[in-house]
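K.L.:
need a structure here:
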Amino acid sequence: MFNWFAQIGHISISFFSRLGKEVILFFQTTACFADLLSRPGLIIQQIFSVGVRSMLIIIVSGFFVGMVLGLQGYNTLVDFGAEESLGVVVALSLVRELGPVVTALLYAGRAGSALTAEIGLMKATEQLSGLEMMAVNPVERILAPRLLAGIISMPLLAAMFSAVGVFGGYLIGVEMLGVDSGSYWSQMQAKVDYHQDVLNGVIKSVVFGIVVTWIAVYEGYSCTPTSEGVSSATTRTVVNSALIVLGLDFLLTALML
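P.N.:
You can find the predicted model right below:
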């Protein structure tokens, strides 16, 4: 019995100790954002690395998700004679939920794992220690540009996902299944609200961008400086990001509704 309580206490202390270190390092990193304005090249370089290089998988996935929504939505709506509302179903599904969530999951798998591996290898090869030896703050030089780039890139990638998905639904619904083109776009324009739908989706994508990028950056920065430690940190990045994104999606949706 006492061993059981001891194990619970040990796990709790380890969890809150790690959480405290994450929070402290997060505020230290965000405090460096102001200094980055004088060196925009660092931010642009990281936006290209985590954002532009993730565009292909985001666009392709969004296109196919939109086509699937078009097929499934049409087969459901046609039973009620409401196939003209297909554009609303596709747009709301993408803008409210699937756009931010699926983009965050794909971003974690592609850019998040790359960030963790990159920073972890820097630590394993003592590049971070070398920066400190040269009086260069690795938090400001390495962590801050990557975190800020992820916060900027995620809403843009989610918007691309949703836009391409709407186009994919249009191809299936209008060009393939014969839904009226005017009804597809006009119903979407009339029913999709900027504040209730679009803005809430943007807020979700920003929150997911902060969380996923921070998990990736922290795991790489705090990993054991060995090849096994880097691989374990990369795995934790993808798994923890997916779980936290799905949990936050529920919480944000409950608050917004």
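
K.L.:
Can you report how many residues neighbour Glu118?
P.N.:
Counted with other C-beta atoms under 10 Å, the neighbours of Glu118 add up to 17. For glycine as for every other residue, the C-beta is placed from the backbone atoms N, C-alpha and C.

K.L.:
Am I right that it is in contact with Gly220?
P.N.:
Yes: counting by C-beta atoms under 8 Å, Gly220 is a contact partner of Glu118 at 6.7 Å.

K.L.:
ok, now how distant is the most centrally placed residue in the chain from Ala135?
P.N.:
The geometric centre of the chain, computed from its C-alpha atoms, lies nearest to Ala104 (C-alpha atoms, centre = their mean), at 2.6 Å. Note on Ala104: its distance to Ala135, by C-beta to C-beta, to the nearest Å, is 36 Å.

K.L.:
try Asn200
P.N.:
Applying C-beta to C-beta, the value for Asn200 to Ala135 is 44 Å.

K.L.:
Who has more neighbours out of the two?
P.N.:
Shown here are Asn200 and Ala135; by other C-beta under 10 Å, Asn200 has more neighbours (21 against 6).

K.L.:
picking up where we left off before, check whether the residue nearest to the centre of the chain really touches Phe208, as I assumed.
P.N.:
Yes: with contact defined as C-beta under 8 Å, Ala104 reaches Phe208; the gap is 3.8 Å.

K.L.:
any common contacting residues for the two?
P.N.:
Each of Met154, Val245 lies in contact with both Ala104 and Phe208 under the rule C-beta atoms under 8 Å, 6 or more residues apart in numbering.

K.L.:
which residues in the stretch 1-150 of the chain form helices?
P.N.:
Along the stretch 1-150 of the chain, counting by DSSP state H, counting those that start in this stretch, helices occupy 2-30, 33-36, 40-50, 55-77, 86-92, 99-107, 113-124, 127-133, 138, 144-170.

K.L.:
In JSON lines: those, plus distance to Asp249 and mean pLDDT.
P.N.:
Output for the helices of the stretch 1-150 of the chain, formatted as JSON lines (distance: least, C-beta to C-beta, whole Å; pLDDT from 0 to 100):
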{"stretch": "helix 2-30", "distance to Asp249": "20", "mean pLDDT": "82"}
{"stretch": "helix 33-36", "distance to Asp249": "26", "mean pLDDT": "84"}
{"stretch": "helix 40-50", "distance to Asp249": "21", "mean pLDDT": "90"}
{"stretch": "helix 55-77", "distance to Asp249": "16", "mean pLDDT": "92"}
{"stretch": "helix 86-92", "distance to Asp249": "15", "mean pLDDT": "89"}
{"stretch": "helix 99-107", "distance to Asp249": "5", "mean pLDDT": "95"}
{"stretch": "helix 113-124", "distance to Asp249": "20", "mean pLDDT": "91"}
{"stretch": "helix 127-133", "distance to Asp249": "33", "mean pLDDT": "85"}
{"stretch": "helix 138", "distance to Asp249": "32", "mean pLDDT": "87"}
{"stretch": "helix 144-170", "distance to Asp249": "12", "mean pLDDT": "93"}
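
K.L.:
what helix or strand is Asn240 on?
P.N.:
Per DSSP states H and E, Asn240 falls inside helix 227-256.

K.L.:
now the angle between helix 113-124 and that helix, please.
P.N.:
Helix 227-256 and helix 113-124 are oriented at 140 degrees to each other (axes from the mean of the first three to the mean of the last three C-alpha atoms, to 10 degrees).

K.L.:
Quick one: list the elements packing against helix 227-256.
P.N.:
Where contact means 3 or more C-beta pairs under 8 Å, 6 or more residues apart in numbering; DSSP states H and E, helix 227-256 is packed against helix 99-107, helix 113-124, helix 199-222.
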